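**Student:** any chance you can model this:
(2 chains)
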Amino acid sequence: MIDLIAQHPIYAALIALGTLSIVFGGILGFAAVKFKVEGDPIVEQLDNLLPQTQCGQCGYPGCKPYAEAIANGDAINKCPPGGQATINTIAALLDVEAPSLDAEHGAELDIPRVAVIREDECIGCTKCIQACPMDAILGAAKQMHTVIADECTGCDLCVEPCPTDCIDMVPLETTLSEWKWNLPEPSKNVAMNLIASDKHPHRAEHGESNKGEAA
Amino acid sequence: MSYNVSSVRKVFDIPGGVHPPESKEQSLQLPLGPVLLPQRVVLPLSQHIGAPAKAIVAVGEKVRTGQLIAEPQGLFSVGLHASISGTVSAIEDRPIPHTSGMNAECIVIESDGLDEWVALDECEDYTALERDALMAKIRTAGLAGMGGAGFPSAIKLNPRADDKIDTLIINGTECEPYITADDTLMREQADAVIQGTLLLAHLLGAPSTVLIGVEDNKPTAITALKKAAAAIEGECNIEIVDFPTKYPSGGEKQLIQILTGIEVGSGDVPASLGIVCHNVGTAVAAWEAVRYGRPLISRITTVVGEALDTQRNIEVRIGTLISEVLEQNGFNADEAARLIMGGPMMGFALQDAGVPIVKTSNCILAPSKQELPEPPPAQACIRCGMCAEACPASLLPQQLFWYSQSEDYDRLQAHNLMDCIECGACSFVCPSNIPLVQYYRASKGAIKQAAVDKQKSDRSRERFEFRQARLDKAEAEKEAKRQARKQAAAEAKKLAAEKKEQELLQPTIAPVAAVPIPAAVDPEAEKAKLERALSSAQNRLDKAHERLDDAEPERRDKMAARVKEAELKVLDAQKKLEQFNTADNNDPVAAAIARAKAKASLPPHAKLTSSIEALKKRMTIAADKLSSAKTEGAATVDALQAGLDKMQGKIAKLQQELIDLGPEPAVEATVKEDTTPDPAAAAIERAKAKAAASANMSPADKLHDQITSIEKRIAKTAEKVAVARAEGSSTADALQLGLDKMTAKLDKARADLGELAPQVQPESAQNVDSAPEPDAASAAIAKAKAKAAATANMLPEEKLRDQIRSMQTRIEKTTVKVTAARAEGSDITDALQLGLDKMTAKLEKAKSELAELSN
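**Tutor:** I've put the predicted structure just below:
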């Protein structure tokens, strides 16, 4: 046997490769069973990126359904509360080109808003309570309702059902603790990242046409 | 007291760092300025990191200097004291010194010009006090880090129990250009600095190493400190360490690295390494708070810049408006480029001079346009790498810059943006004048915001999912209730319908119809069934064989028995199949009927002919036998010959009959058939009778039959077994097995019969009585009898259990009935209810009995 292998190294190679493939096949098979992934991880990841306002502006009844829809190939630019930042992160996750927000589903708000009930106009109909996906409205039948501002995601869903139109969407004011620096002026950015000769595109065109005339 | 003046401590270097023009001389020309008593102070409630303090005074209230006017909210907060005496004129949002230029809640005090102090709690010897009492003094004094960040000092002095502090570092570095507040403090109040250091060391449990780190560009301060330290009586282990000037050695982590060589890792706090670091200003404030009971109401601030007539350090009350300070130092607004709070490297531009000095305000810089010109426009990053060389935190500023521009927060975090101390060294060295630190600050803010948003969205998701689950649950409950109602209604309806039906059907019910007529068997299906049985039996046999081969020796016997059993089964199945194949119908009775019918249907003529044919066949066979016997000379020749003769006579007779029949075949034949007792017809009659009998037989009778036949077979098999045993045949075991099986069958059949017997009885009773209502009552009686028979052999405990179980089912049934009756308003409701009550009582009794028994 050993003589045979010594004389024909190809057998040694075949045996070695065969053994290796069996061993690694076994390991892979074991791993496939042992570390089996439950559920669809991409949906979870997408759901994590979405802003969880549950506003339904995308046309789905909540963020998770939209995440599932994206996983099944829907467009990623239907989430106005998330805005361009969310689109970008989702695009990075899915490794696709980031489109701009689909205006059909609404515009991105630069300032987050919360619902505020004008309490003396509230008749206590509980319609907004039923509409709120966050359980952020407190109240009972024929009692005044109020919004728990910390829990409100500004989804707008309570405004529509209100029979007395006493719910306002109020922009949230930035407090001192929430304040943050802005990036330096973007116009300067553009200028400083251009090569000097590229700064005046029209001049370059002009030069080209001159050349053409000369020719 | 012995103090080693020539410090020999080894100092370390930090990576990066820059050497900007120090510009510290101009503010040091004059001594510490006089205390200005402002006409009005504006005291922001949040001058520190953490939760804002909560005002405890009302507008219009008279306050004295040093009075607590706002108390800390929670542990991570700092109180606030009135810095002048006077009246609280407003508690409202005012502009505060913050990079955002935003407003925040402030307490405004109008001075009465008297500067009346509250009674101060002085303390000659703090070592006599408990640590808790000392900590309380510091906590109520409103101490926040004086270096610039405003970290609540009490928290730093109260390290976690598992962090053993062995090094206290007092930071007198003051590395930023222009600022000389700490330098002045050390020069003017060196004793207080040393006393404060000793106090902090005492509070931290006397760490083995106590260092005061001062850059070597402050020789006067160093000398003063050393002198003060030398003057201390008793034990003093304070080391005053000077080290080369370099920006930013004053950062906490940088100073620790310089003095100890220990690098505080990313995300670590110095306390976890046993190191605590305080500013000299904090040490002095702590000393004053403990020794004199004086809260933090004033601080030393550098007022510097070429736009001022007087550049110097002043001791100023907290809350004094900057515009007031500037005015008193000859501020020239036209010359000034801008106003900066803090130094030129890390300070921020003030949008308004109407903001107050706060606890962290170490410098007000009012530079002229020549002194600190507007930064030239930023140019493209050329990747020179000078920022990376300058970075004291060993980061990659150019990479951070690119990622900040593209708002790539993941990569920024991967490149440790959060470890940036925003010292501005990178911006300082950048040849393209890129405001790098602003990018980092913006990105840091965005990352923090994203984290907050994430937290909020997670909470939103949780709430949403919880709500969803709640709604689903409510819906499910509703649905379940609906279903239950529906079912109850359906049951009530069914009960009503059954009742009606019974009333209609009762007179016409045929009592005997109880015995079901066996359904006609489809021969094809039957055959398929048999074939299946055969194949499965064979499979089992194969398996048994396999197992036998594999079995261990001790189990082999069992296995062998199993194999034999399987073999028998296979044989049985084969036999059955054969029977089925040979007979069109496997019912022997029906087959006999068919054969007899076939015979009877033949005309007499044909019948005779066929008889003759048959006889002739038998005769030829007999003749053959006879001839062979003759050739062998056997003794049976005569007998065979006689039989042959007989047969010949019979044939002759039959032929004669046939001849007689000849002239009138059809009519006579029918007449004959009618009149003569034809054996075929008799056979038909018998078979029919048997079939009818078996059809009419009650299951009990059938079982009786079965039992007798099985008994017969058992007897036969027993005989066979005996024979086989005697012969030592190999089939003995198999036969024995078969015998056992048969016995089992017999037992079963007997048991079945036992069960049947009581059931049959009421039926027969019905037959006899032809009772108009052979209803549930009699069936119940029968059941009860059967049970009685069954339970006769049971243990008393089991009996009781059984009873209880049955009673429970009955109670349940009755309850349903009662509700149905109630729903219908039926008049039997009361009766039912009574029965139900009785049953419940019985059940209780049975239960108690059972309990007694089991005890």
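
**Student:** show the average pLDDT along whichever strand or helix holds A:A115.
**Tutor:** Assigning secondary structure by DSSP states H and E places A:A115 in strand A:113-117. Throughout strand A:113-117, pLDDT has a mean value of 91.

**Student:** repeat for stretch B:298-311
**Tutor:** pLDDT averaged over stretch B:298-311 gives 90.

**Student:** quick check, distance from that stretch to the centre of its chain.
**Tutor:** 62 Å (CA atoms, centre = their mean, to the nearest Å).

**Student:** residues contacting the closest residue to chain B within chain A?
**Tutor:** Residue nearest to chain B within chain A (CB to the nearest CB): A:K180, separated by 2.6 Å. (C-beta placed from N, C-alpha, C; glycine too.) A:K180 makes contact with B:441-442, B:444-446, B:448-449 under the criterion CB atoms under 8 Å, 6 or more residues apart in numbering or on different chains.

**Student:** okay if I get these as CSV plus distance to B:M839, pLDDT and secondary structure?
**Tutor:** Putting the contacts of A:K180 into CSV (distance: CB to CB, whole Å; pLDDT from 0 to 100; DSSP: H, G, I helix; E, B strand; the rest coil) gives the following:
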residue, distance to B:M839, pLDDT, secondary structure
B:R441, 83, 92, helix
B:A442, 82, 92, helix
B:K444, 78, 93, helix
B:G445, 77, 91, helix
B:A446, 76, 91, helix
B:K448, 72, 91, helix
B:Q449, 71, 88, helix
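
**Student:** are any of those residues buried, and which?
**Tutor:** B:441-442, B:444-446 (16 or more other CB atoms under 10 Å in any protein chain shown).

**Student:** smallest gap between chain B and chain A, at which residue?
**Tutor:** Across chain B, no residue is closer to chain A than B:G445, which sits at 2.6 Å (CB to the nearest CB).

**Student:** now that residue: how far from B:Q438?
**Tutor:** From B:G445 across to B:Q438, the span is 11 Å (CB to CB, to the nearest Å).

**Student:** picking up where we left off before, just confirm yes or no for the strand holding A:A115 near chain B.
**Tutor:** No. Judged by CB under 8 Å from any CB of the partner chain, strand A:113-117 stays clear of chain B, getting no closer than 11.7 Å.

**Student:** on contacts alone, who are the packing partners of that strand?
**Tutor:** In terms of contacts (3 or more CB pairs under 8 Å, 6 or more residues apart in numbering or on different chains; DSSP states H and E), strand A:113-117 is packed against strand A:146-147, strand A:167-171.

**Student:** neighbouring contacts of the first one?
**Tutor:** The reference is to strand A:146-147. Strand A:146-147 has contacts (CB under 8 Å, 6+ apart) with A:114-117, A:119, A:136-139, A:158, A:167.

**Student:** enumerate every residue touching residue 91.
**Tutor:** I'll assume chain A. With contact taken as CB under 8 Å, 6+ apart, A:A91 is in contact with A:76, A:97-99.

**Student:** chain B was what I was after
**Tutor:** Applying CB under 8 Å, 6+ apart, the residues near B:I91 are B:55, B:57-59, B:105-108.

**Student:** again, only using 7 Å
**Tutor:** For B:I91, the contact set (CB atoms under 7 Å, 6 or more residues apart in numbering or on different chains) comprises B:55, B:59, B:105, B:107.

**Student:** specify the local secondary structure of the last one.
**Tutor:** What DSSP: H, G, I helix; E, B strand; the rest coil gives for B:I107 is strand.

**Student:** quick check: residues of chain A near chain B?
**Tutor:** Within chain A, the positions adjacent to chain B are A:51-54, A:62, A:133-135, A:151, A:153, A:176, A:179-184, A:188-189, A:192-193 by CB under 7 Å from any CB of the partner chain.

**Student:** could I have the buried ones of those residues as ChimeraX selection syntax?
**Tutor:** Of the residues of chain A next to chain B, the buried ones can be selected in ChimeraX as follows, counting by 16+ other CB under 10 Å:
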select /A:51,52,53,54,62,133,134,151,153,180,181,183,184,192
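
**Student:** for B:M418, which non-adjacent residue is closest in space?
**Tutor:** B:K444 (6.8 Å; CB to CB, 6 or more residues apart in numbering or on different chains).

**Student:** er, B:F348 I mean
**Tutor:** In space, B:F348 is closest to B:T99, 4.3 Å off (CB to CB, 6+ apart).

**Student:** give me the neighbour count for that neighbour.
**Tutor:** Residues lying near B:T99 (other CB atoms under 10 Å in any protein chain shown) number 15.

**Student:** what's the answer for the one 3 residues further on, then?
**Tutor:** Other residues lying near B:M102 total 15 when counted by other CB under 10 Å.

**Student:** let me know the pLDDT of it.
**Tutor:** Here the pLDDT value assigned to B:M102 is 85.

**Student:** find the nearest non-adjacent residue to it, please.
**Tutor:** That would be A:L176: by CB to CB, 6+ apart, it lies 5.7 Å from B:M102.

**Student:** show the pLDDT at that neighbour.
**Tutor:** On pLDDT, A:L176 comes in at 77.

**Student:** for chain A, longest helix please?
**Tutor:** helix A:9-34 (DSSP state H).

**Student:** what's near enough to touch the residue nearest the centre of chain A?
**Tutor:** Against the mean C-alpha coordinate of chain A, by CA atoms, centre = their mean, the closest residue is A:T86 at 3.3 Å. When contacts are counted by CB under 7 Å, 6+ apart, A:T86 touches A:49-51, A:79.

**Student:** look up how far B:Q438 lies from the residue of chain A closest to chain B.
**Tutor:** Between A:K180 and B:Q438 the distance is 11 Å, computed by CB to CB.

**Student:** where does chain A have low pLDDT?
**Tutor:** Along chain A, segments meeting pLDDT under 70 span A:39, A:186-215.

**Student:** per-domain residue ranges of chain B.
**Tutor:** B:25-365, B:522-586, B:587-683, B:697-760, B:774-854 (automatic domain parsing).

**Student:** before we move on, back to that, okay, the helices and strands packed on strand A:113-117, which one's buried deepest?
**Tutor:** Per residue and on average, the most neighbours among those fall to strand A:146-147, with a mean of 19 (mean count of other CB atoms under 10 Å in any protein chain shown).

**Student:** paired strands for it, with orientation please.
**Tutor:** Using DSSP bridges, the strands paired with strand A:146-147 in its sheet are strand A:137-138 (antiparallel).

**Student:** helix, strand, or coil at the residue of chain A closest to chain B?
**Tutor:** Here A:K180 is recorded as coil under three-state DSSP.

**Student:** can I assume B:C175 sits in a strand?
**Tutor:** No. Per three-state DSSP, B:C175 lies outside any strand segment and is coil.

**Student:** report the separation between it and B:V264.
**Tutor:** According to CB to CB, B:C175 stands 17 Å off from B:V264.

**Student:** comparing those two, which residue is more hemmed in?
**Tutor:** Neighbour totals were compared for B:C175 and B:V264, and B:C175 leads with 23 against 20 (other CB under 10 Å).
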